[in-house]
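In: Any chance you could fold what I've pasted below:
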Amino acid sequence: MCIRDSAGPLLDPAEIEEQKRHLVNKIFTIGYLMHRYKDRSKPWFIFAMDGKFTDDGQSHGGSGKSIVFDMAMRSLLRRNFMLSGRNPKLTDDPHKYDGLSEYHRYVFIDDANKYLKLDVFYTDITGDVKVNPKGKRPFTIPFDRSGKFSFSSNYTPNNLGPSTERRMIITVFSDYYHNAGETTDYKESRDPKTEFGKAMFSEFTQQEWNDFYVTAVHCLRFYLSTTEKITPGMGNVNKRTLTNVMGDDFHSWANAFFSEQGDKLDKYLVRDVAFKDFTFNVTGKWTPQTFFERLKAFCKLNGYVLNPKELQDKKGKIIHKVEHRMYDQKTNTWTDLGGAKVTKEMIYIQTLDKIKYEEQEEAKQSATPAELFDNALNTEENENPWPLS
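Out: Have a look, this model is predicted:
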């Protein structure tokens, strides 16, 4: 097995390196799930998601997540426990673990819906699992005897903060496999059966089963050679996360209000002017705080700098005296009142000399996974700490 086989002839060096990184991440992930030992300092769970970024932040599945984390992993870990992530009441169900035991090595939540509350599972992932079976006495499965958790979803996690990132190993699937339809841009469908002429696993020959198990052992061996978790290229993941933070309504409004063809970039703007325009055009209950969080996501997505530090005061704000004006919420207009200037909080979105978002992400991920992976396979004693976490 050689990671260099992932280099396509039409890819540039940066794209080749990204492909290698994604492959190494999947190899690491499979190896992690296969090993029974659980480390309390590294109580990770797997989150498999689609990697294609679209302007509306949507995805359509069919990318192969279930092949790896349902079919493949459940073939390797025969004692497994599966839950439907599409169930909107899953996290509210006190009996969701009915049937789970200490002998289940793998807990798989399939096709998690967009609003699944991942944090509900945190105590079960990082500590003991409390099982409340129907009609029976509840019991607890100790951390070191409980299975490892894995999720698949067509969406990015809706609460991708430091607490989630610390516990999560994200693995990303491209749209190489996809479904054609009225809601997609694909002119044809592609899946493993049409590509290889047979169904995965159910139509394997004996030799193909042997190859599958040998590959799994290589994944396990590589995992044991590492000391830190290995992340994939996160560019599209972070883009989709920022799009989710904004929401479709804010994203559409901000694209128009802060258009690069307009006059509201690279200049001071009263924060309340932008907020009032947003609440006038987008219905809902909004606060200045939620507005500002979405504005930060918009700027990060576009590679802008929101409120450059050199313009901030000691409290991290930009305060200026401006003309006194009154707002008419019926017409979304402002009227000058004259007189003395008033103190207002400003915003400043800097686009000049901006660093593109993609370049920022590439700069963060400068490791070369090919050398590390090949060394892990070709040496008897592996000392290959991955420089990323």
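In: When you work out contacts or count neighbours from here on, use the C-alpha atoms and nothing else.
Out: Will do.
In: now the protein, which segments are flagged as low pLDDT?
Out: Scanning the chain with the threshold set as pLDDT under 70 gives 1-8, 52-61, 159-160, 181-186, 353-389.
In: Please parse it into its domains.
Out: Listed domain ranges for the chain are 3-234+364-378, 241-358 (source: automatic domain parsing).
In: Please identify the most buried of those.
Out: domain 3-234+364-378 (a mean of 17; mean count of other CA atoms under 10 Å).
In: Could you give the separation of that domain from the chain centroid?
Out: Here domain 3-234+364-378 is found 12 Å from its chain centre; the criterion is CA atoms, centre = their mean, to the nearest Å.
In: residue ranges for the helices of the chain, please.
Out: Here the chain has its helices, by DSSP state H, at 13-34, 65-66, 73-76, 122-126, 162-167, 192-196, 206-224, 235-246, 248-257, 271-281, 288-302, 357-364, 369-378.
In: Dump the ones you listed into TSV; add distance to residue 92 as well.
Out: TSV is the format used below for the helices of the chain (distance: least, CA to CA, whole Å):
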stretch	distance to residue 92
helix 13-34	26
helix 65-66	25
helix 73-76	26
helix 122-126	14
helix 162-167	20
helix 192-196	36
helix 206-224	35
helix 235-246	23
helix 248-257	27
helix 271-281	33
helix 288-302	27
helix 357-364	37
helix 369-378	41
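In: Which one of those lies nearest to residue 40?
Out: Residue 40 lies closest, by CA to CA, to one member of the helices of the chain: helix 122-126, at 6.8 Å.
In: before we move on, the earlier item: so which of the helices of the chain is nearest residue 146?
Out: Among the helices of the chain, helix 122-126 sits nearest to residue 146 (CA to CA), with 8.7 Å.
In: Render the CA-only coordinates of the closest one in PDB, please.
Out: Taking C-alpha atoms only, helix 122-126 is exported to PDB below (Å, rounded to 0.1, in the frame of the first residue of the first chain):
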ATOM      1  CA  TYR A 122     -20.200  13.900  25.200                       C
ATOM      2  CA  THR A 123     -20.400  12.300  28.600                       C
ATOM      3  CA  ASP A 124     -20.900   8.800  27.000                       C
ATOM      4  CA  ILE A 125     -17.900   9.300  24.700                       C
ATOM      5  CA  THR A 126     -15.500  10.700  27.400                       C
END
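In: Residues contacting that helix, please?
Out: By CA atoms under 8 Å, 6 or more residues apart in numbering, the residues outside helix 122-126 that reach it are 40, 43-45, 129-130, 143, 148-149.
In: Could you pull up the residues touching residue 250?
Out: 278, 282, 294.
In: Ramachandran angles for residue 198?
Out: phi -160, psi 160 (degrees, to the nearest 10).
In: Without its sequence neighbours, what residue ends up closest to it?
Out: Once flanking residues are discounted, residue 198 sits nearest to residue 192: 7.5 Å by CA to CA, 6 or more residues apart in numbering.
In: in terms of contact, does that neighbour touch residue 203 like I think?
Out: No - counting by CA atoms under 8 Å, residue 192 stays clear of residue 203, with 11.8 Å between them.
In: Relative to residue 51, how far out is residue 209?
Out: Counting by CA to CA, to the nearest Å, the separation of residue 209 from residue 51 is 28 Å.
In: Kindly apply the preceding question to residue 295 instead.
Out: 24 Å.
In: Residue 343 contacts residue 272, doesn't it?
Out: No - counting by CA under 8 Å, residue 343 does not reach residue 272; the two are 11.9 Å apart.
In: Tell me which residues touch the residue nearest to residue 198, please.
Out: With the criterion set at CA under 8 Å, 6+ apart, residue 192 makes contact with 177, 198-200.
In: Residue 88: which of these is nearest?
Out: Among the contacts of residue 192, residue 177 lies closest to residue 88 (CA to CA), at 27.1 Å.
In: distance of that closest one from residue 17?
Out: Counting by CA to CA, the gap from residue 177 to residue 17 is 21 Å.
In: was I right about residue 132 contacting residue 98?
Out: Yes - using CA under 8 Å, residue 132 makes contact with residue 98 at a distance of 6.3 Å.
In: From the contacts of helix 122-126, pick the one nearest residue 26.
Out: residue 45 (13.3 Å).
In: partners of that closest one in the sheet?
Out: residue 168 (DSSP bridges).
In: shift numbering so it begins at 56
Out: Noted, 56 is the first residue going forward, which turns the last one into residue 100.
In: distance of residue 172 from residue 161?
Out: Applying CA to CA, the value for residue 172 to residue 161 is 20 Å.
In: which one is residue 158 nearest to, not counting chain neighbours?
Out: Closest residue in space to residue 158, ignoring its immediate chain neighbours: residue 134 at 6.7 Å, by CA to CA, 6+ apart.
In: what sits against that neighbour?
Out: By CA under 8 Å, 6+ apart, the residues touching residue 134 are 158-161.
In: And for residue 162?
Out: Here residue 162 is in contact with 135-138, 202-205 (criterion: CA under 8 Å, 6+ apart).
In: what's the distance between it and residue 312?
Out: Using CA to CA, we find residue 162 at a distance of 46 Å from residue 312.
In: before we move on, back to that, and residue 380, which of the helices of the chain is closest to it?
Out: That would be, of the helices of the chain and by CA to CA, helix 326-336, which comes in at 10.3 Å.
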